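Asker: No sequence on hand, only this structure:
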C-alpha cells in the first residue's frame, strides 16, 4: 500500500492515480533507478520526428502480441492525444492508399 504522511504524522492512504501517473508507490528505488537511467540517455523525443530505442523495443513486443495486420504501434500520452493523432494518421494513410503507395 502507498501512503502520504500528514504534517502531524498521520498516514493517509494514496488510493488514486493522478492525471499523468499511476499509483505505483512513492520513492521506490527501482522506479527512481529506471527514471534516472532513462533521463541519462534521452529525456524526451517528439514522437512524430524521432523516438527512443526503448520505445521501439516495446512497440515491437506489443506488435508481436497483436493479431496479424495490427502491427503498427504509435504511443501517445493520453486518450485525447490518441484521438487527435488518429485523426491525422487515418486521412494520410487513405491518401497514400489512393495513390497506391500505402502498405497493405
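Answerer: Arrived safely, thanks for sending. In this text, all values refer to a predicted model and were calculated from it rather than measured experimentally. Numbers count the residues shown, from 1 in each chain.

Asker: A strand includes residue 12, no?
Answerer: Yes. Counting by DSSP: H, G, I helix; E, B strand; the rest coil, residue 12 is part of a strand.

Asker: I'd like the numbering to begin with 156 instead of 1 from here.
Answerer: Right, with 156 as the first residue, what we last looked at is residue 167.

Asker: where's stretch 217-236 relative to the chain centroid, distance-wise?
Answerer: 10 Å (C-alpha atoms, centre = their mean, to the nearest Å).

Asker: Pull the residues that contact it.
Answerer: 175, 202, 210, 213-215, 237, 240, 244 (C-beta atoms under 8 Å, 6 or more residues apart in numbering). C-beta coordinates here come from the backbone N, C-alpha and C atoms, glycine included.

Asker: Please check those and keep the buried ones.
Answerer: 210, 214 (16 or more other C-beta atoms under 10 Å).

Asker: Okay, and which of the contacts of stretch 217-236 map to strands?
Answerer: Among the contacts of stretch 217-236, DSSP state E puts none in strands.

Asker: Could I get the contacts of stretch 217-236 in CSV, plus columns for distance to residue 221 and pLDDT?
Answerer: Converted to CSV, these look like this (distance: C-beta to C-beta, whole Å; pLDDT from 0 to 100):
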residue, distance to residue 221, pLDDT
175, 25, 62
202, 19, 70
210, 16, 86
213, 13, 93
214, 10, 93
215, 11, 95
237, 16, 90
240, 18, 90
244, 16, 89
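
Asker: Okay, and which of the contacts of stretch 217-236 map to helices?
Answerer: Among the contacts of stretch 217-236, the members found in helices (DSSP state H) are 210, 213-215, 237, 240, 244.

Asker: For residue 189, state which of those is nearest.
Answerer: Residue 189 has its nearest neighbour among these in residue 213, at 13.0 Å by C-beta to C-beta.

Asker: who's in contact with that closest one?
Answerer: Counting by C-beta under 8 Å, 6+ apart, residue 213 touches residue 230.
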